[in-house]
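Engineer: Sequence isn't available, so here's the structure alone:
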């Protein structure tokens, strides 16, 4: 295997379906804490994938393209804004973390990319009440 070929550890986590834990109608309803955590975890994972695709490409088709990721990101952000308590504030707090992941490194595999490795950790901007729950979800994935 050449140094530039993707490794299994380069692969992002799978997104979790949010409908499973939704306790009420999507529009204007309060979601359960578990559903909020799933939405936020999915948002974090999509941001990680966006950063990786922007920097390293789709890893031979193993990651979705930018257009698909941006559509997923928009849908997830809309769900957070409408279904997570103070969702707009949460996304604002996470914006600096999101921006810190933007980079371009087409000749460096994600396993050797410090920014991609840092992206795997729970963001510092994550509120405490969600951070522990996201760790549980990440460990179960």
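Structural biologist: Alright, I've got the coordinates. Fair warning: this is a prediction, and the values are worked out from it, not measured in the lab.
Engineer: if I look at the spatially most central residue of the chain, how far off is residue 120?
Structural biologist: For the chain, residue 45 is the residue whose C-alpha lies nearest the centre (CA atoms, centre = their mean; 1.7 Å). When CB to CB, to the nearest Å is the yardstick, residue 45 and residue 120 sit 10 Å from each other. Any C-beta I mention is one placed from the backbone N, CA and C, and that applies to glycine too.
Engineer: circling back to that earlier point, now the element after the one helix or strand the residue nearest to the centre of the chain maps to, going C-ward?
Structural biologist: Using DSSP states H and E, residue 45 sits in helix 33-56. Using DSSP H and E, the next helix or strand after helix 33-56 towards the C-terminus is helix 66-83.
Engineer: and whatever helix or strand comes next after that next one, how far out from the chain's middle?
Structural biologist: Counting by DSSP H and E, the next helix or strand C-terminal to helix 66-83 is helix 87-100. How far helix 87-100 lies from its chain's middle: 12 Å, per CA atoms, centre = their mean, to the nearest Å.
Engineer: what does stretch 45-56 give?
Structural biologist: 9 Å.
Engineer: do the same with stretch 59-68
Structural biologist: The answer for stretch 59-68 is 14 Å, by CA atoms, centre = their mean.
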